[in-house]
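Engineer: Structure of the sequence below:
(one chain, ligands or ions: 2)
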Amino acid sequence: MSHQKLKVAIVGASGFTGSELARLLLNHPDVTISMITSESHVGKPFSDLHPQFFNRLDIPLVSADEVDQQQLDVIFLALPHGVSMDFVSKWKDLGAKIIDLSGDFRLSSKEVYEEWYQKKHSFPEGFEGAVYGLPELYSKQISDANLVANPGCYPTASILSLAPLFAQQIVVEDSVIIDAKSGLTGAGIKANATTHFSNVNENFKAYGIAGHRHTIEIEEQLGGLAGSSANVQFTPHLLPVDRGILVTAYAKVTEEMDQEKLRSIYQDFYQDKPFVRLRNQAPGIKDVRGSHFCDVFPVWDERTNRVIVLSAIDNLLKGAASQAVHNMNLMFDLPEATGLNQIPLKP
Ligand SMILES: NC(=O)C1=CN([C@@H]2O[C@H](COP(=O)(O)OP(=O)(O)OC[C@H]3O[C@@H](n4cnc5c(N)ncnc54)[C@H](OP(=O)(O)O)[C@@H]3O)[C@@H](O)[C@H]2O)C=CC1
Ligand SMILES: CC(=O)N[C@@H](CCC(=O)OP(=O)(O)O)C(=O)O
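Structural biologist: Numbers count the residues shown, from 1 in each chain. Ligands and ions are numbered 1, 2, ... in the order given. Purely as a prediction, here's the structure:
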């Protein structure tokens, strides 16, 4: 592209995904971070809140009210769900493209949102133009979008684990179980009783059983791929680690299957998708930590006649911030890997 850099705002930069966005965008050759916002820390240098940025990004945090006065190309919303929708409504005509990291525009309609989030939606018109920002499924639509609904972290790992089977329409109805585990940063920067050190240290627990809001996000996307409805049993667990998601998904299939055939279905589906790595062994969360990869390992269990798929992502990156940057690259016709970290951080 020409050397006119994209002017970017990160709204909600005091949080976890906001700070990961800043880290990626600082190293992005086609971006200038024009403003970063927080309502609780207006005036403080960004690096006071996130000291890893000391001497690299010391500009002061400003209120989101100042977004209106800026000429921006992209606005990243790293805000809680229920909050993003009001900003999308307010800024939809500013001329900037919006990438929303929250769940406010990921689902098919206001009615579905209100049922699963138990919250009123204040900008239902937004659903129509919003594109679900999973590049492995929708890169063309993302390129043309003005509003991208960046996927949830669990849905990213879950959908990518089963998408090839749903796209083939070979999943047995009601057979899907998704068992998922997340590190604590998935819960955001504010600690509460559930995420308190004493309650998570050397502990491991399920939550959101039979009703977590990511269930519907996964069902809508997998059902959409198959051209039917999908029903999945999704159970998340909290891991006593800071970042990473591991999904173990189980499904029955309608066709004769063996390991070779299963692998070739996954190979075909992901052959030109640079950030899904088809593994030969079970992936661990440290294999993807600090990177934009989703590692996937499909296994055929001939004893139980079941497919078992493992997938691992970094929830803050492929599950949030790097996926958002990937979407920005597509929206501005940049090479899709620009600015994305491709070497995982291990140990
Ligand atoms: N953490 C993760 O792994 C993932 C998160 N997401 C989604 O991304 C979004 C951000 O997540 P995360 O970074 O973890 O969240 P955090 O809780 O860490 O940060 C939230 C940010 O939102 C700001 N904020 C909160 N309330 C308001 C408000 N009423 N008006 C303006 N700003 C507000 C806070 O800033 P301040 O209080 O300083 O104003 C803070 O900067 C969420 O919707 C989350 O669900 C999606 C995928 C994965
Ligand atoms: C570990 C943990 O608490 N994870 C969060 C989900 C992560 C997330 O941010 O999802 P949304 O963007 O869809 O809200 C949860 O279960 O609520």
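
Engineer: if I look at Pro124, how far off is ligand 2?
Structural biologist: 18 Å (C-beta to the nearest ligand atom, to the nearest Å). All C-beta atoms are positioned from the backbone trio N, CA, C, and that covers glycine.

Engineer: Wait, that residue touches Ser108, no?
Structural biologist: No. Applying C-beta atoms under 8 Å as the test, Pro124 and Ser108 come out as separate, 11.2 Å apart.

Engineer: Quick check: chain neighbours aside, which residue is closest to the closest residue to ligand 2 within the stretch 101-250 of the chain?
Structural biologist: Nearest residue of the stretch 101-250 of the chain to ligand 2: Gly186, at 3.0 Å (C-beta to the nearest ligand atom). Take Gly186 and drop its neighbours on the chain: the residue closest to it by C-beta to C-beta, 6 or more residues apart in numbering is Asn315, 4.8 Å away.

Engineer: who touches the one you found in this structure?
Structural biologist: Cys153, Ser182, Gly183, Thr185, Gly186, Arg243, Gly244, Ile245 (C-beta atoms under 8 Å, 6 or more residues apart in numbering).

Engineer: what do you get if the cut-off is 10 Å, keeping everything else the same?
Structural biologist: 16-17, 20, 152-154, 156-157, 182-187, 242-245, 285, 288, 321 (C-beta atoms under 10 Å, 6 or more residues apart in numbering).

Engineer: ditto for Arg289
Structural biologist: Arg289 neighbours (C-beta under 10 Å, 6+ apart): 183, 241-244, 312-314, 316-317, 344-347.

Engineer: Going by neighbour count, which of the residues you listed comes out on top?
Structural biologist: Ile313 (34 neighbours; other C-beta atoms under 10 Å).

Engineer: where does that residue land on pLDDT?
Structural biologist: Here the pLDDT value assigned to Ile313 is 98.

Engineer: just checking, it touches Val288?
Structural biologist: Yes. With contacts counted by C-beta atoms under 10 Å, Ile313 reaches Val288, the gap being 5.7 Å.

Engineer: and the chain, which residues reach ligand 2?
Structural biologist: By C-beta under 6 Å from any ligand atom, the part of the chain that sits against ligand 2 consists of His81, Ser102, Gly103, Gly152, Cys153, Ser182, Gly186, Ala187, Gly208, His214, Pro236, Leu238.

Engineer: so how many other residues sit close to the third one?
Structural biologist: Think Gly103. Gly103: 25 neighbours (other C-beta under 10 Å).

Engineer: Identify each buried residue in stretch 8-28, please.
Structural biologist: 8-25, 28 (16 or more other C-beta atoms under 10 Å).

Engineer: returning to that earlier point: overlap of the contact sets of Ile313 and Val288?
Structural biologist: In contact with both Ile313 and Val288: Ala157, Arg243, Gly244, Ile245, Leu246, Phe275, Cys294, Asp295, Gly319, using C-beta under 10 Å, 6+ apart.

Engineer: can you tell me which of these are in helices?
Structural biologist: Ala157 (DSSP state H).

Engineer: hmm, which of the shared contacts of Ile313 and Val288 are the buried ones?
Structural biologist: Ala157, Arg243, Gly244, Ile245, Leu246, Phe275, Cys294, Asp295, Gly319.

Engineer: low-confidence ranges in the stretch 1-150 of the chain?
Structural biologist: For the stretch 1-150 of the chain, the stretches with pLDDT under 70 are 1-2.

Engineer: Using neighbour counts, trim the residues of the chain next to ligand 2 to the buried set.
Structural biologist: His81, Ser102, Gly103, Gly152, Cys153, Ser182, Gly186, Ala187, Gly208, His214, Pro236, Leu238.

Engineer: filter the residues you listed down to the ones near ligand 1?
Structural biologist: His81, Ser102, Gly152, Cys153, Gly186.

Engineer: The second one contacts Tyr113, doesn't it?
Structural biologist: It refers to Ser102. No. Using C-beta under 10 Å, Ser102 makes no contact with Tyr113, being 11.2 Å away.

Engineer: Now the residue of the chain found nearest ligand 1. Its backbone dihedrals?
Structural biologist: Per C-beta to the nearest ligand atom, Gly15 is where the chain lies closest to ligand 1, at 1.9 Å. Torsion angles at Gly15 (phi, psi; degrees, to the nearest 10) stand at phi -90, psi -170.

Engineer: swap in Glu255?
Structural biologist: Backbone geometry at Glu255, expressed as degrees, to the nearest 10, gives phi -110, psi 160.
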